[in-house]
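Visitor: Sequence unavailable; structure follows:
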DNA sequence: TATGAATGAGGTTTCATTCAT
DNA sequence: GATGAATGAAACCTCATTCAT
């Protein structure tokens, strides 16, 4: 009853096994685990236990580097900036076609859940919400501006067309097919969008290729 | 602190006659609570405790009528089918304009969170996923078919346009602005879509209306 | 990867075994567990797990009735107001002797730790601090007033004696022996205090007991 | 956000020369940190992390010098022995008055929490308990013996008075006011004790010193 | 020697779910 | 049929402690 004391903590923690989290490679492993789980099970179910287990770290280790789950998620996503290809193909249609394809190639099945997880988590975490805007809206808008500017210089945009919506349009369609219709987007969809919507909208079924 | 729970029920003496859940009105109260919470806090945080509390029922009562939280959510959403106005205005553009506006009017701020909750919950519950398809895709497709059929009869659709995408397009743009860009959609957006995208796509800034 | 879902929560919780916590007897069992643990291991180490285990309840059950550990502890202590015997023995010395003995009988080995736990917990919880004042100071002051008033009426208090300190004095000595010197207080200490301090202080080595 | 930790150490170029813990000055910094934290947050919440942070050391360094948290705390307290003034004033009452005042001056607001922390920690660590007896009881008893011996020589102690309790008495009253009644002790209390209790106990309100 | 880094073992609290009335 | 009450299973986060450099 009395003489208990001095039990201390038991086990034998302490060994800094493996590569430390300060190592960028190692950190990336954690981020990969986070993103994978986020995509698989969503924000709420992406527990720190699961992350730790998949990253082969301990929860305490994670909490040493990131003050909270939200911060960890934020960092994990930040790291994963997919580069949008903005090459100049000579025509607005092909610019967009390439952009979409490069976007889709980065938008794996994994990322599909990720997008939802992001929307979900944003409702609870303001920091996450901020990041989402930067991660989803920004690249889109930047790509938009670049591609659109070139198209304007080429005189490809017919008058009366809302230019902002014009560029959002293909992404919106892809997102809808992905999120709402549960489709796996592919080249086929891209071609349908470019040829079946953007083409007619820009006036010519096939951009005039002067010879 | 303690004695809450009990609901006032008229001034009549006698035992607290509670309306049973078999009563459709009562059931609707529960559904309203579920939807409100879903919209406010998302699927995960929409706990049975919260639902019970807001619906002034007990959790056990809820579980007597619905076998699980998922089923309750599914039923709650099923009940809330917003009617999409599909009036024939004489032109494709105005048909869509009306359709969008009627859709938006049903897409309250509440429902915005609801859409995310739906996407979120769908990842865990196949039943919810099925319902989502019915709740989001179906009305869309049905409206699409109706409006599109009329437009085809009128010969409004230029050749080369992907008809399916054509109808999805406005919804996709609205959804994108709502979900991703965090905007509150309004008439203004609808007009931009109809006039700045659909119009040019259909060929004429304003469909020629010969006397 | 996809087809996971529907795992639900597993086990088979739900059975309302045993007597419910609304039952005062049952609640007392919980309080007893709390107090025992508090005395044995102090506030911090008195974990909810331990309480639940000793009270043969589940943590969730405890949290249903009490919003936090602090509240549970507060309630557990509040319930355990030891009654201080304030019988009129005819002399101040014997009044105090009886009072001290009745206090000590309530101040079991258990309560000794409890006092420390109370002091300890008070630093973190304002509610607990309030309770401490009521549990430790109040009984003391009330006993003080009663016994002192009688002594004053009997004309037992010599002039020049600080009456407040006079009554606090025996309690302070007991507390010191208990808390600081780690002694188990008993009748012996009480007699030493009454005869070796109070007696000389009151002037007469033995109160005159006229036949 | 990341690069904190490192302490400024003069402006000199070269490697960060940290003072080792073998240095007594450095060790004292650690002790100060420990005591401050102990007083501020109690034994349990006085975490090694906090100590390390406040002492600008690393936990591993601390563990290199002290085998456990308890030992560190013990050592930190040992170092902080307040000197009790035991000057001979010529009378028992004034000897005690001076002793109490010198004790109180060392019993800062900080130490008040320290006392509780000590009691708290003692329940878990026998070593701490031993030290506490030495830190609190010893100085008390030594001062007691000295002052009491002088009083006995002067013939100030009336027969029938329990001499041990007589000397404990003022400390007990002070402790009670400090710990239980949450008062900040001051000269006023000391005077009340000396004049309102000790005086009468020793026989005369002011030792009659007939010319 | 000093430290950055890692870790097992809990700690408090919450949630979907189920008996017994 | 409605409800009060109970519960197993996590979830997030913290702490004393120990390697490896």
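Guide: Noted; the coordinates are in hand. Not measured: the values here are computed from a predicted model. Numbering: from 1, shown residues only, chains lettered A, B, ... in the order given.
Visitor: going forward, measure contacts and count neighbours with C-alpha atoms only.
Guide: OK.
Visitor: Can you classify residue A:87 by secondary structure?
Guide: coil (DSSP: H, G, I helix; E, B strand; the rest coil).
Visitor: Ok, residue A:160 next?
Guide: When classified by three-state DSSP, residue A:160 comes out as coil.
Visitor: Next: residue A:197.
Guide: Assignment for residue A:197 (three-state DSSP): helix.
Visitor: Please determine how far it is located from residue A:56.
Guide: Computed as C-alpha to C-alpha, to the nearest Å, the residue A:197 to residue A:56 distance reads 47 Å.
Visitor: So those two - more neighbours on which side?
Guide: More neighbours surround residue A:197 than the other of residue A:197 and residue A:56, with 24 against 13 (other C-alpha atoms under 10 Å in any protein chain shown).
Visitor: For the closest residue to that one other than its chain neighbours, grab the count of nearby residues.
Guide: In this structure, residue A:197 finds its nearest non-sequential neighbour in residue B:161, 5.9 Å apart by C-alpha to C-alpha, 6 or more residues apart in numbering or on different chains. Around residue B:161 sit 21 other residues, with neighbours defined as other C-alpha under 10 Å.
Visitor: swap in residue A:94?
Guide: So residue A:94, with other C-alpha under 10 Å, has 16 neighbours.
Visitor: Verify the contact between the residue nearest to residue A:197 and residue A:200 for me.
Guide: Yes: with contact defined as C-alpha atoms under 8 Å, residue B:161 reaches residue A:200; the gap is 6.4 Å.
Visitor: helices or strands up against the one helix or strand residue A:61 maps to?
Guide: Element membership for residue A:61, per DSSP states H and E: helix A:59-65. With contacts defined as 3 or more C-alpha pairs under 8 Å, 6 or more residues apart in numbering or on different chains; DSSP states H and E, helix A:59-65 has these neighbours: helix A:48-55.
Visitor: Is the helix it packs on positioned near DNA strand E?
Guide: No: Helix A:48-55 does not reach DNA strand E (C-alpha under 7 Å from any atom of the strand); its nearest approach is 8.2 Å.
Visitor: can you check stretch A:22-32 too?
Guide: Yes: with C-alpha under 7 Å from any atom of the strand as the criterion, DNA strand E is reached by stretch A:22-32 at residue A:22.
Visitor: any bit of that stretch sitting next to DNA strand F?
Guide: No: judged by C-alpha under 7 Å from any atom of the strand, stretch A:22-32 and DNA strand F are separated, with a smallest distance of 12.4 Å.
Visitor: Let me see the mean pLDDT of that stretch.
Guide: Taken as a whole, stretch A:22-32 has a mean pLDDT of 89.
Visitor: And the contacts of that stretch?
Guide: By C-alpha atoms under 8 Å, 6 or more residues apart in numbering or on different chains, the residues outside stretch A:22-32 that reach it are A:19, A:20, A:21, A:51, A:52, A:55, A:73, A:75, A:76, A:77, A:79.
Visitor: in it, what counts as buried?
Guide: Across stretch A:22-32, burial judged by 16 or more other C-alpha atoms under 10 Å in any protein chain shown covers A:27, A:28, A:29, A:30, A:31, A:32.
Visitor: Just send those residues back as JSON lines, with secondary structure and distance to residue C:87 too.
Guide: Output for the buried residues of stretch A:22-32, formatted as JSON lines (DSSP: H, G, I helix; E, B strand; the rest coil; distance: C-alpha to C-alpha, whole Å):
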{"residue": "A:27", "secondary structure": "helix", "distance to residue C:87": "73"}
{"residue": "A:28", "secondary structure": "helix", "distance to residue C:87": "76"}
{"residue": "A:29", "secondary structure": "helix", "distance to residue C:87": "75"}
{"residue": "A:30", "secondary structure": "helix", "distance to residue C:87": "71"}
{"residue": "A:31", "secondary structure": "helix", "distance to residue C:87": "73"}
{"residue": "A:32", "secondary structure": "helix", "distance to residue C:87": "75"}
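Visitor: want to try TSV for the residues you listed, with distance to residue B:93 as columns?
Guide: TSV is the format used below for those (distance: C-alpha to C-alpha, whole Å):
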residue	distance to residue B:93
A:27	52
A:28	50
A:29	51
A:30	50
A:31	47
A:32	46
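Visitor: Of those, just say which sits nearest to residue D:99.
Guide: Using C-alpha to C-alpha, residue A:27 is the member of those that sits closest to residue D:99, with 61.2 Å.
Visitor: quick one: that closest one from residue A:33, how far?
Guide: Distance, residue A:27 to residue A:33, by C-alpha to C-alpha: 10 Å.
Visitor: and if you look at residue A:57?
Guide: On the measure of C-alpha to C-alpha, residue A:57 and residue A:33 end up 11 Å apart.
Visitor: same thing with residue A:176?
Guide: Distance of residue A:176 to residue A:33, given as C-alpha to C-alpha: 27 Å.
Visitor: Now for chain A, the helix or strand with the poorest mean pLDDT.
Guide: Lowest on mean pLDDT, DSSP states H and E among the helices and strands of chain A sits helix A:126-132, with a mean of 69.
Visitor: I'd like the next helix or strand past that helix.
Guide: helix A:138-154.
Visitor: is chain B contacted by that next one?
Guide: No: judged by C-alpha under 8 Å from any C-alpha of the partner chain, helix A:138-154 stays clear of chain B, getting no closer than 10.1 Å.
Visitor: what residues does that helix touch?
Guide: A:84, A:86, A:91, A:92, A:95, A:96, A:99, A:157, A:163, A:164, A:167, A:168.
Visitor: Among those, give me the pair with the biggest separation.
Guide: A:84 and A:157 (21.9 Å).
Visitor: the domain parsing of chain A - what is it?
Guide: As given by automatic domain parsing, the domain ranges for chain A are A:24-78, A:92-202.
Visitor: Quick one: closest of the ones you listed to residue C:45.
Guide: domain A:24-78 (20.9 Å).
Visitor: With adjacent residues omitted, what lies nearest to residue A:164?
Guide: Residue A:164 sits nearest to residue A:144 (C-alpha to C-alpha, 6+ apart), 7.9 Å away.
Visitor: Could you do residue A:59 as well?
Guide: Distance criterion C-alpha to C-alpha, 6+ apart; nearest residue to residue A:59, sequence neighbours excluded, is residue A:52 at 5.4 Å.
Visitor: give me every residue that touches the one you found.
Guide: So residue A:52 contacts A:30, A:58, A:59, A:62 (C-alpha under 8 Å, 6+ apart).
Visitor: In those, which has the lowest confidence score?
Guide: Lowest confidence among the contacts of residue A:52: residue A:58, with 89.
Visitor: hang on, the earlier thing: lowest average confidence across the domains of chain A, which one?
Guide: domain A:92-202 (a mean of 81).
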